[in-house]
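>>> got a predicted model here, sequence first, then my questions.
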Amino acid sequence: KKMSVNLEKGNDAITYFKVLERFCNATYVELMIKTCRTHQIRVHMSHIGHPLIGDEVYGRRTSEYKDIIKGQALHAKLLGFVHPATGEYMESEAKIPDDFSTLLKALRETRDTASHRDGT
């Protein structure tokens, strides 16, 4: 089922974001969710006009980067949670996958080529 933002009847869902890098046709952001709603990140980013690259449900049906990254350009860098048995706060960090790094490189090259061509 496709989810949507409904300010009147929807459940609270809070997502904070910070822009890390801007490209010609995409923006690299860091997100922090305070709630865990189904497809929360995908729905919120699409709602503000910035769907995830590769998200065929909430974003564009096709992606010019489908040969670089399979699926959605979404990576859980850091997950934190309270252990249910011990009550201890725990974190787990993961490095950026190779295909995600390759995507960032391609986006940077496109941006830098456009900037050079435009003289900016």
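That came through, no problem.

>>> and Gly80, helix, strand or coil?
Assigned with DSSP: H, G, I helix; E, B strand; the rest coil, Gly80 falls in the strand class.

>>> list the residues that contact it.
If a contact means Cβ atoms under 8 Å, 6 or more residues apart in numbering, then Gly80 has 89-92 as its contacts. Yep, even glycine has a C-beta here, placed from its N, CA and C like the rest.

>>> nearest to Arg61 among those residues?
Among these, Ser92 lies closest to Arg61 (Cβ to Cβ), at 33.4 Å.

>>> make sure that closest one is actually in contact with Leu78.
Yes - using Cβ atoms under 8 Å, Ser92 is in contact with Leu78, at 7.4 Å.

>>> what kind of secondary structure is Ile41 in?
Following three-state DSSP, Ile41 is assigned to helix.

>>> burial count for it?
As a burial measure, Ile41 scores 20 neighbours (other Cβ atoms under 10 Å).

>>> where's it relative to Lys77, distance?
The gap separating Ile41 from Lys77 is 13 Å, by Cβ to Cβ, to the nearest Å.

>>> residue contacts, the most centrally placed residue in the chain?
In the chain, the residue lying closest to the centroid (Cα atoms, centre = their mean) is Leu74, at 4.5 Å. Remark: with contacts taken as Cβ under 8 Å, 6+ apart, Leu74 is in contact with 41-42, 52.

>>> ramachandran angles for it?
Main-chain dihedrals, Leu74, degrees, to the nearest 10: phi -140, psi 130.

>>> gap between the longest helix seen in the chain and the chain center?
The helix that spans the most residues within the chain, counting by DSSP state H, is helix 98-118. Per Cα atoms, centre = their mean, to the nearest Å, the displacement of helix 98-118 from the mean C-alpha position of its chain is 17 Å.

>>> give the buried residues for that helix.
For helix 98-118, the buried set under the neighbour-count rule, 16 or more other Cβ atoms under 10 Å, comprises 100, 103-104, 106-107, 110-111.

>>> all helices of this structure, in order?
Counting by DSSP H, one finds helices in the chain at the ranges 40-47, 98-118.

>>> can you list the weak-confidence ranges in the chain?
Scanning the chain for pLDDT under 70 picks out 116, 118-120.
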